[in-house]
Each structure stands twice: as C-alpha cells, then as structure tokens.
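Enquirer: Predicted structure and sequence below. I'll ask about it afterward.
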Amino acid sequence: MFRLNRAFGVGRDAKAFLNMQGGLTRGEVPNPEHHEDQAERLRKIVKRQRKVLRRKDRQIEEQAAALETLRERRQHEIRLRTELKQQRLEVFRLKNELDAMNGLVETARDVPSAEKVSGEPGIGALPDFVIIGAQKGGTSFLYYLLTRHPLVEPAARKELHFFDNPERFDNGAGWYRRCFPQSGWKDGRRSITGEATPSYLFYPPVAKRMAGVVPQARLIALLRNPVDRTYSHYQMQVKRGTEPSTFEEVIEQQHAPYVPRSIYVDQLLCWFEFFSKEQMLILKSEDFFERPVETLKVVLNFLDLPEWQPEASELEQRRHTGSYKQKMDPSTRRRLEAYFEPYNKRLYECLGVDFGW
C-alpha cells in the first residue's frame with residue numbers, strides 16, 4: 001500500500017512538471033492560431049502607434065521651425081524699431097540744432113548797431129554783470145526784475161550767447177560791445193548794463209573767454225535743486241517738441257544734457273580758476289522763488305545799486321510757475337536724489353553753505 005501511494009505521487013509530480021515545461025495549465029488547451037492572430041493585431045497596433053509618433057515628431061519639428069522663424073522675425077522687428085527710434089531721435093536733435101541756428105540768426109538780426117545803442121558811431125559798452133546760469137534756475141525772472149531798475153540798461157537781447165558760440169565769439173569784442181548801451185548818468189549815479197545767458201555756466205571754455213574779454217564783470221549764478229532743474233529742463237524740451245523720450249529713458253542716456261547740467265560743483269570749479277569767489281554771487285533758486293524781493297536786494301547790493309522794489313504786477317508778470325501735466329515718478333526722484341547727493345555735498349563744502357537739497 002505504501003509503495004502504491006508513493007508511485008502515484010511520483011506520477012502526479014511528473015505530470016505537473018511536464019505541464020509547467022509545456023506552458024500548460026489546467027483547462028482548455030490553447031490554440032496556436034489564436035495566439036498568432038493576437039500577435040498580428042498587436043504588431044498592427046504597434047505599427048500604427050509608430051506612424052502616429054512619427055507624425056507627431058514631424059509636427060513638433062515643424063512647430064519648432066515655425067517658432068524659430070517667429071523668434072527671428074520678432075528680433076528683426078525689435079532691431080528695426082530700435083533703429084527707427086534712434087533715427088527719430090537724430091531727426092529731433094537735428095531739428096533742435098536747426099531751430100537753435102535759426103534763433104542765432106534771428107538774434108544776430110536783432111542786435112542793434114553801436115550808433116543805435118549808444119548814439120555815437122562805433123561805440124558800445126561791455127557788460128557790468130552777467131547772469132551765467134543755471135538754466136531753468138530763474139535767470140529770466142531775475143534779469144527781467146534787474147532791467148526794471150532805473151539804473152540798469154538791458155542788452156539788445158537777454159541771451160547773447162557770445163561766449164558759448166564759437167562763430168559769434170570769433171566776431172570779436174567789438175561785436176559784443178555793440179549789444180550794450182553806453183553807460184549814462186542818472187541822479188548823479190552811473191547806469192550799468194548786463195546780459196543773462198544761462199548756458200554759460202555749463203560750458204568750460206566760457207570762463208576763460210569771459211576772463212579775457214570782461215575780467216571785471218560781476219557774475220551771478222542761480223542754482224536750483226538739481227532734481228527739479230533736471231526735470232524742468234526735460235519738460236521744456238518736451239514742450240518744444242524736441243524730446244520724444246520719457247524722462248526715465250533720457251536720464252539713462254549718456255549724451256543727454258539734463259543730468260550733467262545739474263552737477264554744479266564741477267562747473268563752478270572751472271569758473272573759480274578765472275574769477276574770485278568775491279566776484280561771483282551764488283544764489284539758491286528756491287530762495288529767489290519764495291522771496292524774490294529779499295533776494296533782489298542781495299543782488300542790488302552785490303552790484304552796488306541803490307535799493308529799489310518792483311511793483312507787485314512786475315513780480316507776477318514774468319514769473320514761471322513750472323507746473324507740469326505729468327509729475328515725476330517718486331521712485332525716479334529718489335534715484336536722482338541719491339545720485340546727486342555726493343555732488344551736492346562737494347558743492348556745500350566748496351561754497352561753505354548748505355542748500356539743503
């Protein structure tokens with residue numbers, strides 16, 4: 001009995017082993033043709049998927065090529081816009097230069113002859129004072145008030161641009177003299193005359209030229225908060241139609257004149273090489289704007305003129321309020337204040353006075 005059971009177990013194990021080797025399980029025996037059909041269907045599915053993948057790859061490549069074309073086209077458009085902007089800027093600058101030249105021509109036409117100014121042939125005068133700057137610092141208002149004084153005779157024009165225009169300077173001092181009336185006497189006092197060209201302060205050659213022609217002239221400079229002066233200068237050019245860029249753009253441009261003209265200390269140091277500090281009166285523009293009568297007294301004393309007070313209507317007639325449609329961005333103001341701070345400190349040390357900018 002024991003041997004029979006053992007033989008039966010051995011046979012069962014052998015059958016299970018053979019079934020495992022043949023890949024068979026219990027149940028219906030697999031049909032080889034059915035497996036072949038399934039394999040064929042799978043091959044077809046794989047083939048179709050490969051075709052789809054290849055088609056997708058081609059689409060991706062075409063899209064990538066199209067994007068690259070668009071990118072190149074966009075870069076080309078950006079380059080063209082940049083070139084167009086530069087060309088427009090150049091056109092504006094050329095127009096500005098042309099307008100300036102036309103202005104100089106008109107100025108030359110307006111300059112009277114020595115006979116007409118002084119009443120004597122071939123005789124004029126040299127200025128007793130010159131307001132040298134700064135531009136947008138209140139020079140027009142100050143010159144207007146000064147020329148209302150009974151002992152101050154105006155020049156042929158407020159701004160003669162004799163010392164900052166090489167062609168005009170080459171005309172010689174005789175041309176410059178013809179722009180001023182000869183000194184006269186009123187109530188036992190001699191009258192004086194002068195001009196006001198605010199760009200003189202900025203150009204280094206002017207100080208040396210002026211020292212050679214009018215070494216005894218008394219010089220007046222109005223210095224305005226550099227941030228406000230810079231923005232006012234920019235707004236003036238915008239109003240004239242000669243500045244197409246935004247304020248934030250122009251202060252980043254190295255060739256733009258707005259910021260450099262507001263660095264006063266370096267400009268004044270050039271002047272101090274040829275004129276003593278006693279010969280120059282440096283005023284804070286904000287003091288003049290807020291208290292014009294008091295500031296005018298200081299100027300009259302500097303020019304050895306008797307006290308005189310303009311009428312209220314004269315104080316308002318030529319005063320520019322400096323209001324703008326668009327205010328300066330606060331963040332831009334902070335940037336400029338930080339930029340000008342070291343220059344302002346040097347200015348205070350140079351002059352021995354703190355303007356509080």
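Expert: Now that the structure is in, tell me what you want to look at. Numbering: from 1, shown residues only.

Enquirer: Tell me the helices and strands packed up against the helix or strand hosting His233.
Expert: In the assignment (DSSP states H and E), His233 maps to helix 226-240. Contacts defined by 3 or more C-beta pairs under 8 Å, 6 or more residues apart in numbering; DSSP states H and E place helix 226-240 against helix 32-110, helix 247-250, helix 330-351. For the C-beta atoms, the positions are set from N, CA and C on the backbone; glycine is no exception.

Enquirer: got a markdown table for those, with mean neighbour count and mean pLDDT too?
Expert: Output for the helices and strands packed on helix 226-240, formatted as a markdown table (neighbours: other C-beta atoms under 10 Å; pLDDT from 0 to 100):
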| stretch | mean neighbour count | mean pLDDT |
| --- | --- | --- |
| helix 32-110 | 11 | 73 |
| helix 247-250 | 16 | 93 |
| helix 330-351 | 15 | 97 |
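
Enquirer: and of these, who's closest to Trp357?
Expert: helix 330-351 (5.0 Å; C-beta to C-beta).

Enquirer: what angle do that closest one and helix 226-240 make?
Expert: Computed by axes from the mean of the first three to the mean of the last three C-alpha atoms, to 10 degrees, the angle separating helix 330-351 from helix 226-240 equals 120 degrees.

Enquirer: ok, and what's touching helix 330-351?
Expert: The contact list for helix 330-351, computed with C-beta atoms under 8 Å, 6 or more residues apart in numbering, reads 223, 226-227, 230, 247-248, 251, 259, 262-266, 268-269, 282, 354-355, 357.

Enquirer: Buried members of those residues into ChimeraX, please.
Expert: The following ChimeraX line selects those of the contacts of helix 330-351 that are buried, judged by 16 or more other C-beta atoms under 10 Å:
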select :223,226,227,230,247,251,259,262,263,264,265,268,282,355,357
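
Enquirer: where in the chain is pLDDT low?
Expert: Within the chain, the stretches with pLDDT under 70 are 1-33, 82, 85-123, 317-322.

Enquirer: 90 instead, please
Expert: Along the chain, the parts satisfying pLDDT under 90 run over 1-124, 186-188, 240, 253-257, 311-327.

Enquirer: Distance to Leu126 added to the helices and strands packed on helix 226-240, as a markdown table?
Expert: Below are these laid out as a markdown table (distance: least, C-beta to C-beta, whole Å):
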| stretch | distance to Leu126 |
| --- | --- |
| helix 32-110 | 18 |
| helix 247-250 | 38 |
| helix 330-351 | 27 |
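
Enquirer: Quick one: closest of those helices to Cys179.
Expert: Short answer: helix 32-110, nearest of those by C-beta to C-beta, at 9.4 Å.

Enquirer: Wait, Gly194 touches Ala125, no?
Expert: No - using C-beta atoms under 8 Å, Gly194 is not in contact with Ala125; the gap is 10.1 Å.

Enquirer: If you count surrounding residues, which of the two has more?
Expert: Using other C-beta atoms under 10 Å, the more surrounded residue of Gly194 and Ala125 is Gly194, with 25 against 22.

Enquirer: mind listing what that one touches?
Expert: Taking C-beta under 8 Å, 6+ apart as the criterion, Gly194 is in contact with 127-131, 146, 152, 155, 180, 217.

Enquirer: Mind checking which of these land in helices?
Expert: Leu146 (DSSP state H).

Enquirer: Name the member of the contacts of Gly194 with the most neighbours.
Expert: The most crowded member of the contacts of Gly194, judged by other C-beta under 10 Å, is Ile131 (30 neighbours).

Enquirer: Not including adjacent chain positions, what is the nearest residue to that residue?
Expert: Closest residue to Ile131 apart from its sequence neighbours, by C-beta to C-beta, 6 or more residues apart in numbering: Ala196 at 3.5 Å.

Enquirer: Distance of that neighbour relative to Gly137?
Expert: 11 Å (C-beta to C-beta, to the nearest Å).

Enquirer: So for those two, which sits in the more crowded spot?
Expert: Shown here are Ala196 and Gly137; by other C-beta under 10 Å, Gly137 has more neighbours (29 against 26).

Enquirer: shared neighbours, Gly194 and Ala125?
Expert: Common neighbours of Gly194 and Ala125, using C-beta under 8 Å, 6+ apart, are Phe180.
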